[in-house]
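Participant: sharing a model prediction with you, sequence too.
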Amino acid sequence: MTQYANATTQKENGTVLGGKLIREGGLVAFPTETVYGLGANGLDGEAVRRIFEAKGRPGDNPLILHVAKKNYVKRLWAHVPESARVLMDTFWPGPLTIVFNKSSLVPDEVTAGLPTVAIRMPDHKTALALIREAGVPIAAPSANTSGRPSPTSAQHVREDMDGKIDLIIDGGPCRYGLESTVLTLAGEPTILRPGAVTREMLEAAWGAIRLAPSILAPMKAGETAASPGMKYRHYAPECEVLVARGDPRAASGKICRAYDRRVLSGENAVIFATTQTQPFYRDRRCVIIGDRAEPATLCANLFARLREYSDAADVVFAEALPEEGMGLAYMNRLLRAAGFRTID
């Protein structure tokens with residue numbers, strides 16, 4: 001039976017119990033500033049395997065270790081490169097995950113057998129309290145059934161994980177609403193998954209940063225996933241998702257034509273609009289998910305809206321954003337939710 005703790009006002013509520021469960025090999029869902037995580041003892045391979053079982057997650061998809069102190073990375077990486085020190089000092093605690101060569105302390109179950117491990121320090125009081133109470137780094141992917149939209153509220157976690165895990169700690173809605181940026185420093189610095197810490201922010205702190213080709217395209221056959229969120233279809237609702245590229249007026253025109261065809265054929269369609277484009281859709285069924293001038297607002301709402309309309313629509317139409325700043329993170333999640341299907 002899954003237990004529940006309310007940490008929406010008392011931020012450390014449930015963390016003592018959660019820490020005990022983690023030490024004993026249990027699974028605890030907890031809030032972060034990005035999305036809810038499903039945590040286990042990151043130094044216990046058997047406990048980590050329970051995460052994969054609960055989520056139905058493929059075993060070749062690596063996890064992230066969450067720490068409460070920066071200096072703990074010395075135990076988890078083979079050594080700490082200067083670039084990592086600079087970036088940790090600049091962005092930790094916060095939504096940046098750093099990948100580097102792992103130490104022998106890290107189980108292969110965490111890294112999917114890779115020689116590197118991903119680590120981050122969350123910027124959330126409840127998450128940090130839980131890690132401190134556990135006394136170990138917490139391995140945690142998002143707390144959802146594998147492939148579905150990531151959970152940004154405790155209710156989302158309950159929908160997917162009730163009865164499968166030991167504890168859900170409710171910390172209210174997540175601040176950013178999408179997962180952390182993942183940056184590998186094992187080789188040329190490269191963003192593997194974009195997030196709230198943008199390429200522009202990273203380059204201002206350190207220097208030139210590459211983008212992995214798989215950010216906006218499927219991975220090639222046989223390519224190894226060095227980060228969560230790279231290899232498989234992710235963030236997908238039950239309904240179909242289609243993305244329209246182009247400037248706002250051109251994209252909305254494509255959506256209107258496709259929407260009308262689908263509705264005439266008897267399908268239940270909905271449009272994810274922005275404050276700027278909502279007037280273009282007139283009397284068509286649409287929901288405003290944010291402001292194009294502030295991509296963070298779309299990021300914060302995307303997963304929740306995909307869950308809301310998963311069973312309430314046959315098809316969701318969404319507009320593309322410019323692939324820069326947080327628009328890059330939005331497009332990474334949206335295209336994967338759509339299985340890279342676009343409207344021509």
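Facilitator: Sure, I can see it.

Participant: how about the residue most central in space within the chain, secondary structure?
Facilitator: Geometric centre of the chain, nearest residue: Glu179, 2.7 Å, by Cα atoms, centre = their mean. Counting by DSSP: H, G, I helix; E, B strand; the rest coil, the backbone at Glu179 sits in coil.

Participant: distance check, it against Glu133.
Facilitator: Taking Cβ to Cβ, to the nearest Å as the measure, Glu179 and Glu133 are separated by 23 Å. In this view, the C-beta of every residue, glycine as well, is placed from N, C-alpha and C.

Participant: can you check Val80 too?
Facilitator: From Val80 to Glu133 the distance is 25 Å (Cβ to Cβ).

Participant: could you do Ala293 as well?
Facilitator: 41 Å.

Participant: then Pro279?
Facilitator: In terms of Cβ to Cβ, Pro279 sits 50 Å off from Glu133.

Participant: just Ile215 next, same as before
Facilitator: Where Glu133 is concerned, Ile215 sits at a distance of 35 Å (Cβ to Cβ).

Participant: can you check Glu33 too?
Facilitator: 19 Å.

Participant: what's the burial count for Gly135?
Facilitator: Residues lying near Gly135 (other Cβ atoms under 10 Å) number 11.

Participant: surely it and Arg23 touch.
Facilitator: Yes. Counting by Cβ atoms under 8 Å, Arg23 is a contact partner of Gly135 at 6.7 Å.

Participant: and the pLDDT for the residue in the chain sticking out farthest from the centre?
Facilitator: Centroid-distance maximum for the chain: Leu264 at 35.4 Å, with Cα atoms, centre = their mean. Note for Leu264: predicted pLDDT of 98.

Participant: what's it sitting at in phi/psi?
Facilitator: phi -60, psi -30 (degrees, to the nearest 10).

Participant: and it, how far from Tyr72?
Facilitator: 58 Å.

Participant: and for Asp291?
Facilitator: Taking Cβ to Cβ, one finds Asp291 at 38 Å from Tyr72.

Participant: just to revisit the earlier point, so the residue nearest to the centre of the chain makes contact with Glu33?
Facilitator: No. Using Cβ under 8 Å as the test, Glu179 is too far from Glu33 to be in contact (10.6 Å).

Participant: so for Asp291 and Tyr72, which residue has more residues nearby?
Facilitator: Using other Cβ under 10 Å, the more surrounded residue of Asp291 and Tyr72 is Tyr72, with 17 against 13.

Participant: give me the neighbour count for the nearest residue to the more buried one once chain neighbours are set aside.
Facilitator: What sits nearest to Tyr72 in space, not counting adjacent residues and going by Cβ to Cβ, 6 or more residues apart in numbering, is Pro137, at 6.5 Å. Neighbours of Pro137 under the rule other Cβ under 10 Å: 26.

Participant: is it true that Pro137 touches Val73?
Facilitator: No. Counting by Cβ under 8 Å, Pro137 stays clear of Val73, with 9.2 Å between them.

Participant: any common contacting residues for the two?
Facilitator: Listed contacts common to Pro137 and Val73 are Val67, Ile119; contacts here mean Cβ atoms under 8 Å, 6 or more residues apart in numbering.

Participant: re earlier: give me the phi and psi for the residue nearest to the centre of the chain.
Facilitator: phi -70, psi 170.

Participant: now it: how far from Pro194?
Facilitator: 9 Å.

Participant: check Asn101 too.
Facilitator: Taking Cβ to Cβ, one finds Asn101 at 23 Å from Pro194.
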